[in-house]
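Chemist: can't give you the sequence, but here's the structure:
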């Protein structure tokens, strides 16, 4: 027998997105640190290349961090709204 | 708006498209601001965060226009959700770490550790090269290692990596010891001397970093003496003009960085840099109209224009130095003739040339 679809849970969706962004943020941060600490001093890439990659990685990590925090806040909003609804 | 937000989170495709578009636009704007307009990182970061949030809000607002909003959203009853689980906590910790590391010098210090390790590795292999190989093989191997040293120093300078001066001095000492070997070919010797000069340059830059200042005056009409100092004079290609005055250095470590030197009258002896007890670096400079002895100075990225060039037998190094319309008639003797030949052949293009000094000149400095 196929299972009935689970009821949609907005706070769960937002929290899932926040977790996903957090994980990508962690990955991107790790790549950024490895790039700066090991790739640059060992490989000595051209300055234009390293500055471009550095800027892209720092912008991407910042955007991912903002997205994770924003989704976490929205998830909290959904959570407390639901509790409020339940109480009333 | 609340209903729109519910619908936005229920529509997976629309939500991820909005994330993607907002992310790409924000990252592109940040990249253009940082790479093209060279604006400050903090300012651009703040703007990027605001832009990303604004685009997401716009995406939510436009949901009703792009997709039909359902009148009722079926939302489950409250379920226990573990908000502050491990990944979120880790993200918060990493975010704080991210902010701290971006505002501090943790990454440059780690980069310096990597460079120190590379220098140490090259230093060890350079020292062992003679022990295991034939003279010809050792010569080739040493030349490669000296080239590698040059490349490491160039990287450190280019990326402003704060390498420990003691590590640089140690490698320089090993290089100078190896350069005393009689079996070295002249080419390898030149590569080694240039590597040593670059190491001295970087070490001196690091030691004078804390004492960087602007020159006291840009027109010198009296004798200025720098003695017993550890100092870096930095300019933005500003010209220090000699009228009736001179500049004399004694027992000091001095870097002239981005300062041009010019005499009002042609071929005037005004820059007395060659003190045996001093370490002197002249970098990113144009020297014009001077009667200049090159001894005991490391010249890096310098252009001599309409100057009289002399040697007195002491050690010196020219790294990426060019000569235009210069008087070379005083360059006589074995080393001086070699230098004159190199300058003439280069036809105004930059050259690398170094000389370790005649023994009697080196004895004076000890």
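Modeler: Perfect, thanks for sending it. On a predicted model such as this, the values are computed, not experimentally measured, just so you know.

Chemist: where does chain A have low pLDDT?
Modeler: The model of chain A has pLDDT under 70 over residues A:1-8.

Chemist: now for the lengthiest helix in it, which elements pack on it?
Modeler: The residue-count maximum for a helix in chain A (DSSP state H) belongs to helix A:47-87. Packing partners of helix A:47-87 (3 or more Cβ pairs under 8 Å, 6 or more residues apart in numbering or on different chains; DSSP states H and E): helix A:10-34, helix B:2-10, helix B:12-35, helix B:41-61, helix B:86-103. For the C-beta atoms, the positions are set from N, CA and C on the backbone; glycine is no exception.

Chemist: which among those helices is found nearest to residue B:265?
Modeler: Residue B:265 lies closest to helix B:12-35 among the helices and strands packed on helix A:47-87, at 45.9 Å (Cβ to Cβ).

Chemist: would you confirm that residue B:243 contacts residue B:219?
Modeler: Yes: using Cβ atoms under 8 Å, residue B:243 is in contact with residue B:219, at 6.1 Å.

Chemist: dig out what residue B:268 forms beta bridges with.
Modeler: residue B:290 (DSSP bridges).

Chemist: now do it against residue B:288, distance only.
Modeler: Here the criterion is Cβ to Cβ, to the nearest Å. By it, residue B:268 lies 11 Å from residue B:288.

Chemist: thought residue B:280 was touching residue B:257?
Modeler: No: using Cβ under 8 Å, residue B:280 is not in contact with residue B:257, being 11.8 Å away.

Chemist: if you count surrounding residues, which of those two has more?
Modeler: It is residue B:280, of residue B:280 and residue B:257, that has more neighbours when counted by other Cβ atoms under 10 Å in any protein chain shown, with 23 against 18.

Chemist: what does the helix or strand that contains that one contact?
Modeler: Using DSSP states H and E, residue B:280 maps to strand B:279-288. Contact partners of strand B:279-288, identified using Cβ atoms under 8 Å, 6 or more residues apart in numbering or on different chains, comprise B:200-201, B:204-205, B:237, B:239, B:249, B:252-263, B:271, B:273-274, B:296-307.

Chemist: that one pairs with which strands?
Modeler: strand B:253-263 (parallel), strand B:297-305 (parallel).

Chemist: can you put those in TSV and add mean pLDDT?
Modeler: Listed next are the strands paired with strand B:279-288 as TSV, based on pLDDT from 0 to 100:
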stretch	mean pLDDT
strand B:253-263	92
strand B:297-305	95
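
Chemist: for residue B:334, find the nearest of the ones you listed.
Modeler: Nearest of the strands paired with strand B:279-288 to residue B:334, taken as Cβ to Cβ: strand B:297-305 at 20.2 Å.

Chemist: name the next helix or strand downstream of that closest one, please.
Modeler: Helices and strands here follow DSSP H and E; after strand B:297-305, the next one along the chain is strand B:308-310.

Chemist: how many residues are close by the closest residue to residue B:344 other than its chain neighbours?
Modeler: Excluding the flanking residues, the one nearest residue B:344 by Cβ to Cβ, 6 or more residues apart in numbering or on different chains is residue B:328, at 7.4 Å. A count of nearby residues for residue B:328, using other Cβ under 10 Å, gives 18.

Chemist: could you do residue B:168 as well?
Modeler: The local packing of residue B:168 (other Cβ under 10 Å) involves 27 other residues.

Chemist: tell me who's in contact with residue 66.
Modeler: In the absence of a named chain, this looks at chain A. So residue A:66 contacts B:48, B:49, B:52, B:53 (Cβ under 8 Å, 6+ apart).

Chemist: nope, chain B
Modeler: Contact analysis of residue B:66 by Cβ under 8 Å, 6+ apart lists residue B:14.

Chemist: from chain A, how far out is it?
Modeler: 19 Å (Cβ to the nearest Cβ, to the nearest Å).

Chemist: correct me, but residue B:257 touches residue B:232?
Modeler: Yes: using Cβ under 8 Å, residue B:257 is in contact with residue B:232, at 5.9 Å.

Chemist: PyMOL command for the buried members of the contacts of strand B:279-288?
Modeler: Selection command for PyMOL covering only the buried members of the contacts of strand B:279-288, criterion 16 or more other Cβ atoms under 10 Å in any protein chain shown:
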select buried, chain B and resi 200+201+204+205+249+252+253+254+255+256+257+259+260+261+262+263+271+273+274+296+297+298+299+300+301+302+303+304+305+306+307
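
Chemist: so in terms of bridging, what pairs with residue B:321?
Modeler: residue B:351.

Chemist: tell me the spacing between it and residue A:9.
Modeler: Per Cβ to Cβ, residue B:321 is found 71 Å from residue A:9.

Chemist: residue B:232 pairs with what?
Modeler: Counting by DSSP bridges, residue B:232 forms beta bridges with residue B:212, residue B:255.

Chemist: show me which residues of the stretch 101-250 of chain B sit near chain A.
Modeler: The stretch 101-250 of chain B has residues B:101-102, B:107, B:110-111, B:114-115, B:118, B:151, B:154-156, B:158-159, B:161 near chain A, with proximity defined as Cβ under 8 Å from any Cβ of the partner chain.

Chemist: and these, which two are furthest apart?
Modeler: B:102 and B:151 (28.0 Å).

Chemist: residue of the stretch 151-300 of chain B closest to chain A, please.
Modeler: Nearest residue of the stretch 151-300 of chain B to chain A: residue B:155, at 4.2 Å (Cβ to the nearest Cβ).

Chemist: quick check, that residue in a strand?
Modeler: No: Residue B:155 is assigned helix when assessed by DSSP: H, G, I helix; E, B strand; the rest coil, not a strand.

Chemist: which one is it nearest to, not counting chain neighbours?
Modeler: residue A:44 (4.2 Å).

Chemist: just want the most central residue of chain B.
Modeler: Among the residues of chain B, the one closest to the centroid is residue B:157, at 2.3 Å (Cα atoms, centre = their mean).

Chemist: which residue is the nearest non-sequential neighbour of that residue?
Modeler: Spatial nearest neighbour of residue B:157, excluding adjacent residues (Cβ to Cβ, 6+ apart): residue B:202 at 5.9 Å.

Chemist: next one: residue A:18
Modeler: Distance criterion Cβ to Cβ, 6+ apart; nearest residue to residue A:18, sequence neighbours excluded, is residue A:71 at 3.7 Å.

Chemist: ditto for residue B:110
Modeler: Closest residue to residue B:110 apart from its sequence neighbours, by Cβ to Cβ, 6+ apart: residue A:37 at 4.5 Å.

Chemist: okay but that neighbour is in contact with residue B:109, surely?
Modeler: No: checked against Cβ under 8 Å, the pair residue A:37 and residue B:109 is beyond contact range at 9.6 Å.

Chemist: between the two, point out the one with more neighbours.
Modeler: residue A:37 (18 against 12).

Chemist: OK, contacts around the more buried one?
Modeler: Contacts for residue A:37 (Cβ under 8 Å, 6+ apart) come out as B:107, B:110, B:111, B:114.
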